[in-house]
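J.: would you be able to build a 3D model of this:
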Amino acid sequence: MPTRVSLQAFGGPEVLRFEQSPVQQPGPGEVWLEQAAIGVNPLDLSQRSGAVKVPLPSSLGLEGAGTVAALGAGVTNVQIGDRVAYATGPLGAYASARLYPAERLVKLPDCVSFEDAAAVLFKGITAQYLLKSTWPVGPGSRVLIYGAAGALGQLMVPWARHLGAFVIGVVSKPQSVERARAAGCNEVLVFDAATLADQVREITDGHKVDVVYDPIGRATFEASLDCLRPRGLLVSFGIASGAPPAVEVATLNAKGSLFLTRPSLAAHTASAEEYQQRAKDVLQAVADGIIQPRVWRRYPLAEVARAHADLHEGRSEGTLVLTP
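T.: Next comes the predicted model:
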């Protein structure tokens, strides 16, 4: 019988419940997907804790890969037996099998395993839209990327370098510096809010950076603004340290007519067409060796609470994958 993880109340990893679930028949436009690998992402933790609200009771997980086992009426884009993956809602990836909308499935090339797909697709699409749409990075771009040694950073850094950027990576602790350098950073800084902007100014001969990619939130917000050149862009897209503070519009003017945006994966994959295009770009980048899936640890689905605890405590050095 299939198994799944359910969320009945917000809280720490201990609120996650592992339970059996029935086999379901897919409705129109749906498939029944037998999953082989499931990605764990920081957004999952925010939803579990209640920092990002989801209706309760709920399930968790937005990223998985597996084999199509049954088709609902009207499904023509995939067939039974196809190897597929996905990286958007509806929630429910934390399961050994599930229903899923057929139009949001991405066919996997032979060179990409289920595990690699579950490790790279959600974060890869995030990297893709941040680097190619939010700010089109190109030759000569100067970019600052927080979490350069983390799972998302290890995709963004080499992709930004491939596009021609000069990359300053920021990490939270000295032990992460070498991992960030290995990902391709030109320079790596250990975060200190009091000194970061001056360090960036020195590295760039006073020019500072064109764009800051900041998934941290409250703890880094002011320092991020101060690292930007006039008319630079702060991309605030995460809440690892809490939601960023409110900002006076006049502050953006005073610091050099800065731009500020708060993008989301959902807004950049709203249509099936745009979602498929971005996903295919990610898989092509994997095939071309531009980015590489990096699985740090695999956990049985029943040990999902341990995976959440490891990610929350900052013990991971890459992507975490659940296996049914």
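J.: got any ranges where this structure has weak pLDDT?
T.: Within the chain, no range satisfies pLDDT under 70.
J.: the longest strand seen in it packs against which elements?
T.: Longest strand in the chain by number of residues, with DSSP state E as the criterion: strand 30-40. Applying 3 or more Cβ pairs under 8 Å, 6 or more residues apart in numbering; DSSP states H and E, one finds that strand 30-40 contacts strand 64-71, strand 97-101, helix 114-129, helix 304-312, strand 319-323. For glycine as for every other residue, the C-beta is placed from the backbone atoms N, C-alpha and C.
J.: in three-state terms, label Val286 for me.
T.: Put simply, Val286 is helix when judged by DSSP: H, G, I helix; E, B strand; the rest coil.
J.: what's the burial count for it?
T.: Neighbour count of Val286, defined by other Cβ atoms under 10 Å: 21.
J.: surely it touches Gly124?
T.: Yes. Assessed by Cβ atoms under 8 Å, Val286 is found in contact with Gly124 at 7.5 Å.
J.: okay, the angle between the longest strand of the chain and strand 319-323?
T.: Here strand 30-40 runs at an angle of 130 degrees relative to strand 319-323 (axes from the mean of the first three to the mean of the last three Cα atoms, to 10 degrees).
J.: give me the neighbour count for Arg231.
T.: When neighbours are defined as other Cβ under 10 Å, Arg231 has 10 of them.
J.: that one belongs to a helix?
T.: No. Counting by three-state DSSP, Arg231 is not part of a helix but strand.
J.: the residue lying closest to it once chain neighbours are set aside is in what secondary structure piece?
T.: Using Cβ to Cβ, 6 or more residues apart in numbering and skipping residues adjacent in sequence, the residue nearest Arg231 is Ser257, 5.1 Å away. Counting by DSSP states H and E, no helix or strand carries Ser257.
J.: Ser257 and Pro230 touch, don't they?
T.: Yes. Taking Cβ under 8 Å as the definition, Ser257 is a contact partner of Pro230 at 5.9 Å.
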